[in-house]
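**Student:** Below: sequence and its predicted model.
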Amino acid sequence: MEHKNYDFGLVGLGVMGRNFILNVADNDFKAFGYDLDQEKVDALKKEGGNLEKVDASTEIETFVEALAAPRKIMLLVPAGKIVDQVIETLLPHLDEGDIIIDGGNSFFTDTDRREAYLKDKGINFFGAGVSGGAEGARKGPSIMPGGNAEAYTHIKPIFEAVSAKFNGEPCVAHLGPKSAGNYVKMVHNGIEYGLMQLTSEIYDLLKKSVGLDNDELHQVYDLWNKGRLQSFLVEITAEIFKQDDDLGDGRLVDKILDKAKQKGTGKWTSQNAMDLGIPVPTIDVAVSMREISALKEERIVADKLYDRPAPLPIDKDKIIALAEESLYFAFIIAYAQGLHQLADASKEYEYDLDMSVIAKIWRAGCIIRAGLLEDISDAYTADKELPNLLLAPSFVDKVQGTLASVRETVAYAAQSGIPVPGLSSALNYFEAYTSSRLPLNVIQAQRDNFGSHTYERIDREGVFHTEWGK
């Protein structure tokens, strides 16, 4: 089959795909797109402006023949069966050594299956998480690829060129074999769920406790974004409070229905953490709260059935200060839980992940980018085998300094009837993780009492069973 000279191919010319391929072309690589929709093909050609740099087709043969060997073809299509369908469409036209990159949010076991299937056919398959949304795809996303290390050398120059940069460093790295990239992106999204839940809870707390209006909320979040809470999510939350409703009737945020949707990646993180036996309660709660939010009609009925206390009086400056301390603490906990899951999964699935590198490529481009990630990367650089961020000496003082405020905030919210499940779960996770003695001795006794499940003792070796009550 004749090869031409386009460096990079992309299947799926929706907003993400079009933006990504234009990003490739902006960085002096020739790119060729493929989509069944002629309008999307025409839109790309028009926006690209120069067919020598960016071209596209609705014909699979034309698309594949345009690419230089080894072909590097990225898929930006919805996860699931469509990925398999596109692979089967491409396969008859590919040569040994060609590379397919799945840039969607595919479940990691699907990536493992596809990688093994294509390996037998001499095709290299990568799962690459791409974070940053449509704007990130155009201007520089964080990219999380996993797959064959040798084949990655063909992709590396392109990915490093198009990725976001942090102090000149590309926010992309080969993370490991097989589905390492998709797994890291999955956990990234789980952390994202947690951070979004926490920022929304603090908004609710400030609004209900002292009645901050949208201008004040903008000022608070904007100020926080200039300090230790600097992050993409705090930044855009500040922007949200300033957005006027297009009908000219107040601010848009107050008109948006309080029912959040989800695409499943947070749930996958939570489910897999449970399979691994790693606690990620703040991520779990974030998933559950989206599910509770969907019960809008039931919530309206329930709200009328139960009395709710009026928020306790509190000084405005004090609650703002407590809220900042609490959000900083809870952000650390959300990252700690996700990274703990990654560290365990790295061993379980033989990814050999470098946690300091993961934190580095999250510093720019991605949705969970934050100033904290520099300190997180440093902590894992200092101790490659660090099991949990809370055990890093550099984080002990950061966390310790917030605890009194977090405990006061959670108590205040509980007494005032303001739900803060994410913050509460973060605090209770911390209290449990840092307790050398937990009441699970009683649970072990219960299990042995009703089911003869046995127990261990603290004063001697062995496994024991008791005939309780005899």
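**Tutor:** Great, that's in hand. Treat the numbers as computed from the prediction; the structure is a model and nothing was measured. Numbering: from 1, shown residues only.
**Student:** remind me, longest helix of this structure?
**Tutor:** Criterion DSSP state H: the longest helix present in the chain is helix 316-348.
**Student:** buried set for it?
**Tutor:** For helix 316-348, the buried set under the neighbour-count rule, 16 or more other CB atoms under 10 Å, comprises 319-320, 322-346. The way it works is simple: take the backbone N, C-alpha and C, and place the C-beta from them, glycine included.
**Student:** How far does that helix sit from its chain's centre?
**Tutor:** Its chain's C-alpha centre and that of helix 316-348 lie 13 Å apart, by CA atoms, centre = their mean, to the nearest Å.
**Student:** residues in contact with the helix or strand bottoming out on mean pLDDT in the chain?
**Tutor:** Within the chain, judged by mean pLDDT, DSSP states H and E, the helix or strand with the poorest mean is helix 133-139; its value is a mean of 88. With CB atoms under 8 Å, 6 or more residues apart in numbering as the test, helix 133-139 has contacts from 15-17, 19-20, 22-23, 130, 132, 142, 164, 365-367.
**Student:** Now the two most distant members of those residues.
**Tutor:** Farthest pair in those (CB to CB) is Leu22 and Ile367. Separation: 20.6 Å.
**Student:** neighbours around Ala68, how many?
**Tutor:** By the criterion of other CB atoms under 10 Å, Ala68 has 15 neighbours.
**Student:** from now on call the first residue 9
**Tutor:** Okay, residue one is now 9; in that scheme the one you just asked about reads as Ala76.
**Student:** what's near enough to touch it?
**Tutor:** 11-15.
**Student:** Then Val288?
**Tutor:** Shown in contact with Val288 (CB under 8 Å, 6+ apart): 198, 277-278, 281, 345-346, 348-349.
**Student:** Apply 10 Å and report the result again.
**Tutor:** Taking CB atoms under 10 Å, 6 or more residues apart in numbering as the contact definition, Val288 lies against 195, 198-199, 201-202, 277-278, 280-282, 294-295, 341-342, 344-346, 348-349, 433, 437.
**Student:** Quick check: phi and psi at it.
**Tutor:** Backbone torsions of Val288, given as degrees, to the nearest 10, read phi -130, psi 60.
**Student:** Distance of it relative to Glu69?
**Tutor:** Val288 sits 46 Å away from Glu69 when distances are taken as CB to CB, to the nearest Å.
**Student:** you'd agree Ile151 is in a helix?
**Tutor:** No - under DSSP: H, G, I helix; E, B strand; the rest coil, Ile151 falls outside any helix and is assigned strand.
**Student:** Neighbours of Ile95, how many?
**Tutor:** 21.
**Student:** sorry, back to before: and the contacts of helix 141-147, which of them are buried?
**Tutor:** 24-25, 27-28, 30-31, 138, 140, 150, 172, 373-375.
**Student:** Tell me which of those has the lowest pLDDT.
**Tutor:** The member of these with the lowest pLDDT is Gly140, at 89.
**Student:** Pull the contacting residues for that one.
**Tutor:** Listed by CB under 10 Å, 6+ apart, the contact set of Gly140 reads 24, 27-28, 146-151, 171-172, 179, 240, 372-375, 377.
**Student:** any idea how this protein splits into domains?
**Tutor:** 16-186, 193-441, 447-478 (automatic domain parsing).
**Student:** Among these, show me which one is buried the most.
**Tutor:** Greatest average neighbour count among those goes to domain 16-186 (a mean of 20), per mean count of other CB atoms under 10 Å.
**Student:** Determine how far the last residue of that domain lies from the first.
**Tutor:** 21 Å (CA to CA, to the nearest Å).
**Student:** Quick check, central residue of this structure?
**Tutor:** With distances taken as CA atoms, centre = their mean, Asn197 lies nearest the centre of the chain, 1.9 Å away.
**Student:** That residue in helix, strand or coil?
**Tutor:** On the three-state scheme (three-state DSSP), Asn197 is labelled helix.
**Student:** Setting aside sequence neighbours, what's the nearest residue to it?
**Tutor:** Distances taken as CB to CB, 6 or more residues apart in numbering put Thr273 closest to Asn197, at 3.7 Å, once the chain neighbours are dropped.
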